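Novice: my questions concern the predicted model and sequence given below.
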Amino acid sequence: MNVKMILPALTEAESPFWRPIKYSLFPPLGLATLAAYLSPDDTVCLQDQHVEKVDLSDTPDLVVIQVYITNAYRAYSFADHYRAKGVYVILGGLHVTSLPEEAAQHADSIFLGPGEETFPQFLKDFRAKRPQKRYFSATRSLVHVPPIRREFIKRNLYLVPNSIVVTRGCPHHCNFCYKDAFFEGGKSFYTQTVDAALAEIDRLPGRHLYFLDDHLLGNVKFASALFEGMKGMNRVFQSAATVDSILRGNLIEQAAEAGLRSLFVGFETFSPENLKQSNKKQNLLKDYERAVKRLHSLGIMINGSFVFGLDDDDQDVFKRTVAWGVENSITTSTYHILTPYPGTSLYADLKREGRIMTDNWDLYDTRHVVYKTRKLSPQQLEEGYHWAYREFYTWSNIARASLHHESPKHMLKHFLYSGGWKKFEPLWNIVIKSRNLGTMLPLLESILSKVNYTSEKKQNNIPVAEAIPAS
Ligand code: B12
Ligand code: SF4
């Protein structure tokens, strides 16, 4: 069988905010995961429009398309194109799960939820010439999943070819997050076996790994065994976790020992009212600065995530958030305008209140205001958002934030990582054009090398095991 798999580019591929480096970070892991269920005799062409031109002139037996909210229109136009040629087209992913009726108009079959059970089921049905119109993932497990077909990933086109996910979902229920909608009707947080995760890590060349898990520290037992197993593997890795998991027990230290060098942390907002509105209980009454100090004391750089536009945000929120990030030496900040993805309880709440202003999914990219705001006008919110990015990444703020670290090595790493991410765009573009982005990986690995943090730990007086006991 001839199979074409496509990850259409997110909407901003044609917008002034297009940053080639941001979209050349990670390969299409979801599609490579699904490819593992195809037979070795099948011919597979996997194309990622973020890094290559999609060839639409072919006529395969089956087209598989992954749909995110901001690539949905592009995904639908590819689907319509192939269906017009008589090719069987299937659509799945986050947006299809949120809005199945919309997606069904452009597909022969649609898939709701993760694909590990439904895709192999479909393949059986398809080969038997009785495919169903809709597949829903009810039983979910990562036990005995076949190895990802990474040979279909063009490693040289990505800065981070070694992306990996060893868990699915998250134990929390923030009202703006995609996860409750995507995992509805089944388990919403589950893990691989530790042995399978370690085997997958072992298969990856080089040192650097990026765990794309929503919350790598979410299952303490699993994460602890994983980090134990990773000790001595000589890896450096980046990942994401919540504030409370950083403060609790000593998991974060085990992670650092296993090679964790940079962490994406969802601070989101400083307002308890906003946290309540977002059902982000795990952040309520948590000491953000203590979490930051703890990470720094372990030599871990921080990518802070912040949301603007929650109901308690006023005009000061941008200044306060940027100043806090600089004062606390956050290495990189990711700012978002609150975005109510369809399927989330935030979307349902705002819809009920008559506050959703548009269902143009291209605008649901966290850069546009798509709902009626409370204490800020939409214009103030968008301007404040852009101001925050510009301000946080001025050379002077990058330098100030770097200089707050105790060890000179951490200062230098911070400066290079933050500056490299936002200030060397033309250089990245040249490397991307030469189709050799993979050659920059050793540079990233050296920036993520270990910091000797003993002196910082002393200065901040952070005890090895934190105040909040492990639960
Ligand atoms: C990697 C990533 C990116 C990459 C995307 C490129 C890529 N190669 O995928 C980059 C860095 C470019 C990116 C950018 C953004 N991202 Co992003 N990203 C992710 C992340 C961390 C991992 C995706 C992944 O690989 N998952 C692992 C694989 C195994 O899972 P999967 O892709 O979902 O595939 C499975 C299923 O979905 C299903 N499936 C998928 N497709 C299909 C098709 C068929 C036919 C079938 C059967 C099954 C199927 O089967 C697969 C196996 O189970 C997710 C979070 C997450 N945990 O998923 C956020 C996430 C997808 N991103 C999100 C967002 C919001 C953004 C940004 C808007 C953030 C920002 N402000 O910059 C931007 C987009 C900008 C824009 N203009 O739209 C949201 C999406 C919300 C939504 N409803 O679409 C997520 C869910 C994060 C979150 N918690 O909110 N992102
Ligand atoms: S902690 Fe993060 S991944 Fe988990 S529900 Fe909240 S926003 Fe989503």
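Specialist: Yep, that arrived. Numbers count the residues shown, from 1 in each chain. Ligands and ions are numbered 1, 2, ... in the order given.

Novice: low-confidence ranges, the chain, go.
Specialist: For the chain, applying pLDDT under 70 flags the ranges 14-17, 452-471.

Novice: any idea how far the residue most central in space within it is from ligand 1?
Specialist: The centre of the chain sits closest to residue 212, judged by C-alpha atoms, centre = their mean, with a distance of 5.6 Å. Distance, residue 212 to ligand 1, by C-beta to the nearest ligand atom, to the nearest Å: 4 Å. C-beta: built from backbone N, CA, C; applies to glycine.

Novice: up against ligand 2, what does the protein have?
Specialist: By the rule C-beta under 6 Å from any ligand atom, the part of the chain lying against ligand 2 is 170, 172-174, 177, 179, 214-215, 242, 266.

Novice: residue 392 touches residue 329, doesn't it?
Specialist: No: applying C-beta atoms under 8 Å as the test, residue 392 and residue 329 come out as separate, 11.9 Å apart.

Novice: ok, which stretches of the stretch 1-150 of the chain are strands?
Specialist: In the stretch 1-150 of the chain, the strands defined using DSSP state E, counting those that start in this stretch lie at 2-7, 43-48, 62-66, 88-92, 109-112, 134-136.

Novice: dump the ones you listed into CSV; add distance to ligand 1 and mean neighbour count as well.
Specialist: Shown next, in CSV, are the strands of the stretch 1-150 of the chain (distance: least, C-beta to the nearest ligand atom, whole Å; neighbours: other C-beta atoms under 10 Å):
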stretch, distance to ligand 1, mean neighbour count
strand 2-7, 6, 22
strand 43-48, 6, 19
strand 62-66, 3, 25
strand 88-92, 2, 23
strand 109-112, 4, 24
strand 134-136, 7, 17
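
Novice: can you redo the ones you listed as TSV with distance to residue 144?
Specialist: Below are the strands of the stretch 1-150 of the chain laid out as TSV (distance: least, C-beta to C-beta, whole Å):
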stretch	distance to residue 144
strand 2-7	22
strand 43-48	21
strand 62-66	22
strand 88-92	21
strand 109-112	20
strand 134-136	19
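
Novice: okay, helices next: where are they in the stretch 1-150 of the chain?
Specialist: 20-23, 29-35, 72-84, 94-98, 100-104, 118-127 (DSSP state H, counting those that start in this stretch).

Novice: need the winner for burial among those.
Specialist: helix 94-98 (a mean of 25; mean count of other C-beta atoms under 10 Å).

Novice: and that helix, what other elements does it pack with?
Specialist: Applying 3 or more C-beta pairs under 8 Å, 6 or more residues apart in numbering; DSSP states H and E, one finds that helix 94-98 contacts strand 109-112, helix 179-182.

Novice: adding distance to residue 420, write these out as JSON lines.
Specialist: Shown next, in JSON lines, are the helices and strands packed on helix 94-98 (distance: least, C-beta to C-beta, whole Å):
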{"stretch": "strand 109-112", "distance to residue 420": "38"}
{"stretch": "helix 179-182", "distance to residue 420": "30"}
